[in-house]
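Peer 1: Here is a sequence together with a model predicted from it:
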Amino acid sequence: MDVMSVNRYETVTEAVQALKARGYAIAFEPVHAGLFDPQRGTIVDAPALQLVEFHRFEGETDPDDMAVIYVFEARDGRRGYVIDAYGPYADPLLGELLTRLGAGASP
């Protein structure tokens, strides 16, 4: 899987705003089967997902910015993101999903 790691944003807020402007507007939520789409109230199954890029934030100026944003596209055209902590605070459901997608564990 060829996933682009892009770190061109200074903050999580800036990244989310830019992703929304690029059409990645859904704030997906990890679930056992894949990602929950709160806009439609449905789940996008893991096989229908592609991890497009991710952005890691170290939180040097703001501890709230210690996060990773994963950017996904679904086969049906839905585009969105998941914000997660990294290290011991990372969401295990998201870690399992990333492994199933061939992306390995959280960066």
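Peer 2: Received, thanks.
Peer 1: Quick check: Ala15 vs Arg56, distance?
Peer 2: Relative to Arg56, Ala15 is positioned 10 Å away (Cβ to Cβ, to the nearest Å). Quick note: C-beta positions are derived from backbone N, CA and C, even for glycine.
Peer 1: neighbour-wise, which of the two wins?
Peer 2: Neighbour count, other Cβ atoms under 10 Å: between Ala15 and Arg56, Ala15 has more, with 23 against 15.
Peer 1: hang on, that one packs against Tyr70?
Peer 2: No - using Cβ atoms under 8 Å as the test, Ala15 is too far from Tyr70 to be in contact (11.1 Å).
Peer 1: my guess is Gly23 meets Arg78, correct?
Peer 2: No - between Gly23 and Arg78 there is no contact under Cβ under 8 Å: 10.0 Å.
Peer 1: Those two - which one has more neighbours?
Peer 2: Arg78 (21 against 12).
Peer 1: And the more buried one, its phi and psi?
Peer 2: phi -70, psi 140 (degrees, to the nearest 10).
Peer 1: how near is it to Leu98?
Peer 2: 18 Å.
Peer 1: and if you look at Ala90?
Peer 2: Separation of Ala90 from Leu98 (Cβ to Cβ): 10 Å.
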